[in-house]
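**Student:** Here is my input, please return the structure:
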Amino acid sequence: MSDSNELYFRMPMSKRIFDLVAACCALLFLSPILFLAIIAIRIESKGKVIYRSSRMGRRLDVFYLYKLRSMYVGGDKDLEELLKKQNQCTPENRETAVDFSLPCPQYTARILNDPRITRVGKFIRNTGIDNIPQLINVIRGDMSIVGNRPLPVYEAVLMTRGEMGIRFLAPAGIIGLWQVEQKAFNGLIPEKQRMQLDDEYASHFAGDNYSFFYDMKLIIRTVRGWFSGLC
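**Tutor:** Numbers count the residues shown, from 1 in each chain. Next comes the predicted model:
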């Protein structure tokens with residue numbers, strides 16, 4: 001990263017207040033949907049309903065990201081073997097030779113005909129219901145409503161090399177700039193482009209550049225995109 005006196009994380013008070021109010025209200029409003037999803041997951045497959053994964057967020061702090069489980073128990077451990085069968089990225093080549101011009105499935109979390117995902121899991125992923133528990137992360141202060149995607153630790157290590165570290169000026173978020181822009185790429189945004197968009201959003205946290213209204217604009221665009229995807 002660049003000079004530490006210039007690049008540091010600072011959460012604007014207006015953003016934190018909005019996060020707390022919005023997350024609490026959303027969690028209360030979505031609680032019936034969350035309850036029904038939990039029941040459906042329990043009925044279809046055994047195992048814990050909440051899946052947690054170590055992620056790296058603001059100031060490179062590690063936290064547990066909460067999501068509704070969308071895979072069969074142990075499915076995450078079968079990832080490397082599944083990627084090999086589909087001739088896709090593996091942890092080995094990701095560490096040594098990542099082609100950032102391509103949308104690697106490890107980064108986009110897209111695997112064709114993934115047998116690890118349950119029927120309920122497919123539905124809650126497509127509708128975004130699996131992300132509802134992340135509102136708890138927002139209340140805890142691990143994440144923000146708007147921010148950059150919280151990265152797995154191994155991926156964050158790559159992102160902190162050289163100029164890519166600027167994206168950690170911004171907090172981890174449920175929604176962000178690259179998710180809004182990915183529609184122009186048919187959902188398969190190149191990794192290099194995604195990193196540029198992460199850096200673009202993070203630049204709003206350098207100095208006093210943060211704009212509350214910019215966050216609201218991204219939220220509105222996200223809601224519009226979500227509804228258009230359901231129609």
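
**Student:** From now on I want contacts and neighbour counts done on CA atoms only, so please keep to that.
**Tutor:** Will do.

**Student:** Low-confidence ranges, the protein, go.
**Tutor:** 1-10, 59-60, 75-113, 159-165, 183-188, 207, 228-231 (pLDDT under 70).

**Student:** could you redo the last one with a cut-off of 90?
**Tutor:** Along the chain, segments meeting pLDDT under 90 span 1-12, 45-47, 56-62, 72-116, 126-128, 149-171, 176-200, 202-211, 221-231.

**Student:** Find the nearest non-adjacent residue to Arg52, please.
**Tutor:** Leaving aside its sequence neighbours, Arg52 sits nearest to Tyr66 (CA to CA, 6 or more residues apart in numbering; 4.7 Å).

**Student:** Would you mind measuring from the closest residue to Arg167 other than its chain neighbours to Ala170?
**Tutor:** Distances taken as CA to CA, 6+ apart put Asp199 closest to Arg167, at 4.6 Å, once the chain neighbours are dropped. To Ala170, Asp199 is 9 Å away according to CA to CA, to the nearest Å.

**Student:** Which one's more surrounded, the two?
**Tutor:** Using other CA atoms under 10 Å as the criterion, Asp199 and Ala170 rank with Ala170 on top: 30 against 21.

**Student:** Need the three-state assignment for Tyr64.
**Tutor:** For Tyr64, the assignment made with DSSP: H, G, I helix; E, B strand; the rest coil gives strand.

**Student:** Now the closest residue in space to it that isn't next to it in sequence: phi and psi?
**Tutor:** Nearest residue to Tyr64 in three dimensions, chain neighbours excluded: Ser54, at 4.7 Å (CA to CA, 6+ apart). Per-residue torsions, Ser54: phi -70, psi 130 (degrees, to the nearest 10).

**Student:** Would you mark the buried spots in stretch 125-142?
**Tutor:** Buried residues in stretch 125-142, counting neighbours by 16 or more other CA atoms under 10 Å, are found at 129-139, 142.

**Student:** would you list the residues you listed in CSV and tack on distance to Ile38 and secondary structure?
**Tutor:** Shown next, in CSV, are those (distance: CA to CA, whole Å; DSSP: H, G, I helix; E, B strand; the rest coil):
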residue, distance to Ile38, secondary structure
Ile129, 10, helix
Asp130, 10, helix
Asn131, 13, helix
Ile132, 11, coil
Pro133, 11, coil
Gln134, 15, helix
Leu135, 16, helix
Ile136, 16, helix
Asn137, 18, helix
Val138, 20, helix
Ile139, 20, helix
Asp142, 23, coil
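
**Student:** Could you save those as CSV and add columns showing distance to Thr118?
**Tutor:** Formatted as CSV, these follow (distance: CA to CA, whole Å):
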residue, distance to Thr118
Ile129, 14
Asp130, 12
Asn131, 16
Ile132, 18
Pro133, 18
Gln134, 20
Leu135, 23
Ile136, 24
Asn137, 24
Val138, 27
Ile139, 29
Asp142, 28
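
**Student:** What is the longest helix along the chain packed up against?
**Tutor:** Ranked by number of residues, the top helix in the chain under DSSP state H is helix 13-44. If you count contacts as 3 or more CA pairs under 8 Å, 6 or more residues apart in numbering; DSSP states H and E, helix 13-44 packs onto helix 119-127, helix 134-140, strand 144-146.
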